[in-house]
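> Sequence and predicted model, in that order:
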Amino acid sequence: MQKILLIPFLIATFFSNAVAGQVLDKKLGFSDRNITGLVLINTVKEQSGAEVTYDEAVDKVLTRQIAVRNMTPSVREALNWLKADMRVTYKNKDNYIILTLLPPVQKPGKISGKIVDDKGEPLPGASIKIVELNKRIQSNVDGSYQVSVPSGNYTLEVSYMSFQTKRIADVLVKEDLLTKLDIVLNPATNALSEVVVRSSYRKESINGLYARQKNNAALSDGITAEQISRSPDNNTAQVLRRVSGLQISQNKYVVIRGLSDRYNNLLLNGAPMPSSEPNRRDFAFDMVPSALVDNIVVNKTATPDLTGEFTGGLVQITTKDIPEENFTQFSVGSGYNTRATGKDFTSLGRSKNAYLGFADGKYDKPKGMTFQQYNQIVSQVEDRQNVDQRKQAAAFLGTLPDNWAMRKYTAMPMQNYQLSLGRAIPIKENQLGIIAALTYRNEQEADQNDRYETYTLDYKGTDYTFSTTLGGSLNLAYRFGKNKITLKNTYNRKFSDLLYQFEGHDINNSSIVSNYSNVTVINQLFQSVLSGEHTLGKRGIKLDWQGSLADLSRDQPYTKIMDRRRGDIGSFEPEYYSYSFSDRQASLGSLYYSDLKEKSYSWATNAQLPFKLLGLMQSFKAGYQGKYRTADFGADIYRIRSLAPATSSPIDYSGYAYYDVYNPVNFASGDLYLYPISGSGKDVSTSGSGQGYKGFQRLNAFYGMFDLKFTKQLRLIAGMRAERNDQNISGLNPTNGKEELVSLKKTDWLPSANLIYSLTDQMNVRLAAYKTVARPDLRELSSFEYFDPIIMRNISGNNLKSTTVENLDLRYEFYPAPGEIISVSGFYKKFKDPIELQLFQTSGRPEYRYVNLEGARDIGIELDLRKSLNFIMPESGLLKNIYVSGSLTWLKATVDLAPTQDSTGVYKRDRPLYGQSPYIINGGISYTGKHFGINALYNRYGKRIVYAATAQSYDEYERPCDIVDLQFSYKFLKQQRAEVKFNISDLLNQQLLIYQNRYAPGHPVYKEGDPSVQDAPGVGYKLADGQPDPEGLNYNAGYDVVTARRRNGTNFSLSFSYKF
Amino acid sequence: MRKNINAVLLIFAAILTLITSCKKVGELMAVPSFGNLSVKFNTPADHKLLLRIDGQLKDTLKDDGNLFQLEVGDNKISVTDFQGKMVLDTTIKIERSKTASLEGVFTGAVVLLDNMDLTIKPQTDSLLIRFITTDPLLPDQMDIEISLCDFGGTTAPLGNKKISGIRKDKFSAYIQLPNPNVIDPSFDSTFMFYVIEGYDATPGGTRRKVMSIDELSVSFLDYRGAFDFVWVPNNIISFGIGPAPEDGSTTLRNPKLIFQRTNP
């Protein structure tokens, strides 16, 4: 019976399928290649006779465009296009075609993070099991892990030899999103080896964050890529201003705990960086775009595995590496400066490649011979009889580029572009990471720069600066097993063209000047670091190594000082100028070329051996670091002088337009020539100027350190570091003109100990004692006299000794919640032979010299706060996302002076070392919502000693300024891939004043230049009775003379970024 | 992926266009070049004059001269008395770093200027001379005849050396006078000198001879002033026919070289 019933059904089915098959095989004809899905369905209906049904969801999809691959497809082919393009599938029954929409394909999510021990040390090779999927992976050599899973709720089980296994529940993974989870494992005692610790995602993610911020061996502060991306900052100098205890001087140099340049150090991707400046041991952080930075850590106390050459702080910049997820991101921004944008902008003829960051022929040296060859004939040029030498010199100098005339531009808005991409490419079980980034930035600024020197000059001026910055990085990393090899390459280039245009009264020479200095600097920095990290054996011995090359060049071509002057006020026509071409003063018309090339090679290896003691994990670390660095600085300074023709006097250029005087035509005709001088105006041909220097540094360092836990609460990181330093520098001595070799060889033994007592899971007390060193830079050892064409002062080096510093730090830190901190620190630093740049009064202009002081002491307090406002109303979503932050550094300092460094006879002053401030205040409030964010920052530092002198009244101080920055951001589009940021930088735009404690002109009682403070007890003058502030604690407008006024303007910028 | 690459390329192209389209060459900020103007006026003791340049008052003219720095090019110079009466209105071309000279004589009524046109030059072995009458007793207009004469009284008339219409308010046109020994090689220029005779040429006048050799009322020419009869090459003279000395020592009209210079 059943069979009887089945047969007709099978027959019916066969026929219906046959009919259906016939429908699907029918041919269709399309006349258009671009049609909607609806048109396709209608064509199927009309041309095949089939009935087609579908629901509302399909109806919506069919309105989209579909690509016709073949103008005469079968019905089956056409319906398959729908499946491929619109995820619409079909069923065919009895000539009825039923369309249905397939469910969307789910993309997996990711879980990613780091496995660390209770000291924050990464654990490579830890096993991570996704319980629900029975999937198992291992952590990488740096403790990181990443796993792709379908969306869902998971439990992770993490185990590592000698550590308690941890099971973490409720790890929620969403489609195509990353779930961050750092996991802390605790060492297992024998009794507890089988115990599995249970935790939740929420609890563990908090533990992970604590572990990373609370367990650093050294006292440090830092900032991550995510925090950088939230800030309005475009370069690293701006980013560093947000780190506790840091301030930035001249928009590019970092001051840590009030200590400037020489007492700080920089590691880029773990490798030391050379100084970017020819006349100081410092690094211009504005060269490194913030987009390339992954994180910045500033160490404030030393451990033996770090270089011993820092006292204020060690800035460690790490650029991006293997990305957690693939990305392509571009950002475009523009900005408005209130002093410059849209206004007249004065410059000399600009390189046609200036916007691309390159110079052109306008900066060329003269052709036909070298300056060295020219210097050999120049002494004969003045003799009228030496006609041939005169002709040679004229032919050479006549090829100088004609670029002395000032031109008017309109300052363009700031332009900023960034493109970065990251790829993580799995290769079997290994991973290759590629990060590439390109950045471009152009800025045009017009900053006020007024200068006054008692009895000397009174100038009003503007710094017109055009700068283009290019940056690129290509980082490759390969992770295999418990190993990781990384090659990081960074290139930065900055083209900066500064025209300092100034007018005013040259009091010294009773004349009015209308001059400029033009300085173009092209900085290039290339660094390549090859490094490896390996974990060996079951005990987890960690081995890392590194080799790096850094190549830095600073080219300062065709620097020009144009001087023209007329008689004292009211004597002459306002634009009638005369010229002086007879002496050796560079400030009265000169040319200057300089070129610094530095190469630095470094290599290092470290091994860390973990072991168990007292039932706790301990470690011993030892390593070697080597560095070889060369520096070659050449400078050619020439005074422009006039030459008397064979039978008459030199041309009197009075009344000439300046660009008809400073003109290659006059060099070609032999009426003007270049006379080589030193920075201080000495005659090169007779006494030697020191036209540069050459030097090298060899440094070999060994260290050994223990990281010991005596109890769960008490940890000690202690050891010894030995650094053998050998510096040699050669140059011409400016006094006797002879070649001199200065050598500095010394072995420094640098012990350090960091004791950490963990009061609770959220509190630490840290005590650190360590010795550090600050070595003079190669340039400072040399007697070379550097001439600064903007301040027109001479800066010379000396035969300096290394500074040794004994440091003591005590800090209490409290982490109320992840990402929050409240800390109080005290520090004491005792300097022996500190190096300082001092201002010396000479018979001519004042000049600066690097000198060793006898000693100095700093006692400081630091407060640091970062806290969410959720404590006011814990259930408030708004307050949870509002953070207040602030830091205060207060410093009391004294210096001990040698008799030659102090004119008051006291030899001890209650003042900081040069560059230091007595206090630094940072404050901020931020809100970060899902879409909208706002960030306000405040910064103020106490009066900073810019240059020290032999008496307090000659010291130059910078008046405190208040700086307020604001940022508004809005994220939008799918997954907030797009972001708009609006930044206001330096909203208050306060004027920066540099002043001395000396009376200004016009005081009714005291004559100009008299001290307005008591330089020292018992000095031979008396201040007026009742004079406020006899100690010169603050700037007093009625008493103190202002030597410089600067104002940079407020910057408003808007940027848009999109992540593909 | 391809879409991303296309988007990135498009962005690059747009950025490159933006950067390369920025202005590369600025506008020259021109500044003037200057020359000097030396002004020296002889004025009667009770007359002070003011000098204006391009309408702007610059200074009172000093007896020992004034020096001004002026922009290169044509500068409009005007001189007024303290009552604002214009006595001179002229344009002077200033060249870079050179000193132009404006020398004049204010008679109380008019300003007489030296002609500083450096293109005016006498022929070789000649001088250029122009005349004005400064003796109030002489007619307002005169015609003059120039002759050569030696100290012995021998006269050599020069038929072509005559100028009509010598006035009291402006100089006559230039006339060229050769070195006497060019006229006759036997003439010694240190002993032969030019004398000027004059006739009343006032319109409707009598054509009376008012300056005569016979009456010793002529004026005569020396080459530098101070009775220097040594021939001066390239000499350009603005000659004032003045009165005889007030002391009555002679009836001859002494030569008055209002301006005398040599052109290079």
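Everything's here; your move. Residues are numbered from 1 along each chain as shown, chains lettered A, B, ... in the order given.
> Mind listing what's buried along stretch B:116-130?
B:116, B:122, B:126, B:127, B:128, B:129, B:130 (16 or more other C-beta atoms under 10 Å in any protein chain shown). Just so you know, the C-beta spots here come from the backbone N, C-alpha and C atoms, and that holds for glycine as well.
> need the contact list for the third one.
To tie it back to what came earlier, the one meant is residue B:126. B:176, B:177, B:178, B:179, B:182 (C-beta atoms under 8 Å, 6 or more residues apart in numbering or on different chains).
> In helices, which of those residues fall?
Residues of the contacts of residue B:126 located in helices (DSSP state H): residue B:182.
> Just put the contacts of residue B:126 in TSV and tack on pLDDT.
Shown next, in TSV, are the contacts of residue B:126 (pLDDT from 0 to 100):
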residue	pLDDT
B:176	92
B:177	92
B:178	91
B:179	90
B:182	86
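> Filter the contacts of residue B:126 down to the buried ones, PyMOL style.
In PyMOL, a selection of the buried entries from the contacts of residue B:126 looks like this (16+ other C-beta under 10 Å):
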select buried, chain B and resi 177+178+179
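> Go through the contacts of residue B:126 and flag which are in strands.
B:176, B:177, B:178 (DSSP state E).
> got the residues of chain A near chain B?
A:328, A:330, A:332, A:345-347, A:349-350, A:352, A:354-356, A:405-410, A:412, A:415, A:417, A:419, A:440, A:442, A:572-573, A:575-576, A:652-660, A:1060 (C-beta under 8 Å from any C-beta of the partner chain).
> Now for the residue of the stretch 101-250 of chain B found nearest chain A: which residues touch it?
Closest contact between the stretch 101-250 of chain B and chain A, by C-beta to the nearest C-beta, is at residue B:101 (15.5 Å). Listed by C-beta under 8 Å, 6+ apart, the contact set of residue B:101 reads B:37, B:38, B:39, B:40, B:114, B:116.
> is it fair to say the fourth one lies in a strand?
Yes - the assignment for residue B:40 by DSSP: H, G, I helix; E, B strand; the rest coil puts it in a strand.
> Touching, it and residue B:103? I think so.
Yes - with contacts counted by C-beta atoms under 8 Å, residue B:40 reaches residue B:103, the gap being 4.9 Å.
> List the contacts of the closest residue to chain B within the stretch 301-450 of chain A.
With C-beta to the nearest C-beta, the shortest gap between the stretch 301-450 of chain A and chain B falls at residue A:407, namely 3.2 Å. Residues in contact with residue A:407 (C-beta under 8 Å, 6+ apart) are A:346, A:347, A:348, A:349, A:350, B:25, B:26, B:27, B:28, B:29.
> Residue B:27 is in contact with the fourth one, correct?
Put plainly, it is residue A:349. No - Residue A:349 is not in contact with residue B:27 according to C-beta under 8 Å; the separation is 11.2 Å.
> what's the burial count for the closest residue to residue B:252 other than its chain neighbours?
With sequence-adjacent residues excluded and distances taken as C-beta to C-beta, 6 or more residues apart in numbering or on different chains, residue B:252 is closest to residue B:216, at 5.7 Å. Neighbourhood size, residue B:216 [other C-beta atoms under 10 Å in any protein chain shown]: 12.
> Okay, domains of chain A per the record?
A:2-101, A:109-214, A:338-396, A:401-997+A:1040-1059 (automatic domain parsing).
> and what of chain B?
B:34-113, B:126-262.
> Show me what counts as buried in the one helix or strand residue A:939 maps to.
For residue A:939, the host element (DSSP states H and E) is strand A:932-941. For strand A:932-941, the neighbour count (16+ other C-beta under 10 Å) marks A:933, A:934, A:935, A:936, A:937, A:938, A:939, A:940, A:941 as buried.
> ok now do residue A:139, which residues does it touch?
A:114, A:115, A:122, A:123, A:124, A:125, A:126, A:128, A:145.
> Go through those and name the one nearest chain B.
Nearest to chain B among the contacts of residue A:139, with distances taken as C-beta to the nearest C-beta, is residue A:145, at 26.6 Å.
> Would it be right to say that residue A:38 lies in a helix?
Yes - read with three-state DSSP, residue A:38 is one of the residues of a helix.
> Buried residues, stretch A:482-489. List them.
A:482, A:483, A:484, A:485, A:486, A:488, A:489.
> Return the distance of the third one relative to residue B:169.
Residue A:484 sits 105 Å away from residue B:169, going by C-beta to C-beta, to the nearest Å.
> does residue B:230 really touch residue B:190, like I thought?
Yes - here residue B:230 reaches residue B:190: they are 6.1 Å apart, a contact under C-beta under 8 Å.
> neighbour-wise, which of these two wins?
Each of residue B:230 and residue B:190 has its neighbours counted (other C-beta under 10 Å); residue B:190 has more, 13 against 9.
> excluding its backbone neighbours, what's nearest the more buried one?
For residue B:190, the spatially nearest residue (C-beta to C-beta, 6+ apart) is residue B:229, at 5.2 Å.
> count of residues packed around that neighbour?
19.
> what do you get for the one 10 residues further on?
By the measure other C-beta under 10 Å, the count of residues near residue B:239 is 23.
> Can you tell me how far it is from residue A:322?
102 Å.
> pLDDT-wise, which helix or strand of the chain ranks last?
Just so you know, I chose chain A. helix A:684-687 (a mean of 45; mean pLDDT, DSSP states H and E).
> what does stretch A:979-989 rub up against?
Residues beyond stretch A:979-989 that count as contacts (C-beta under 8 Å, 6+ apart) turn out to be A:232, A:333, A:335, A:338, A:962-972, A:1047-1058.
> now, which of those residues lie within strands?
A:333, A:335, A:962-972, A:1047, A:1051-1058.
> Having no further points to raise, I will conclude here.
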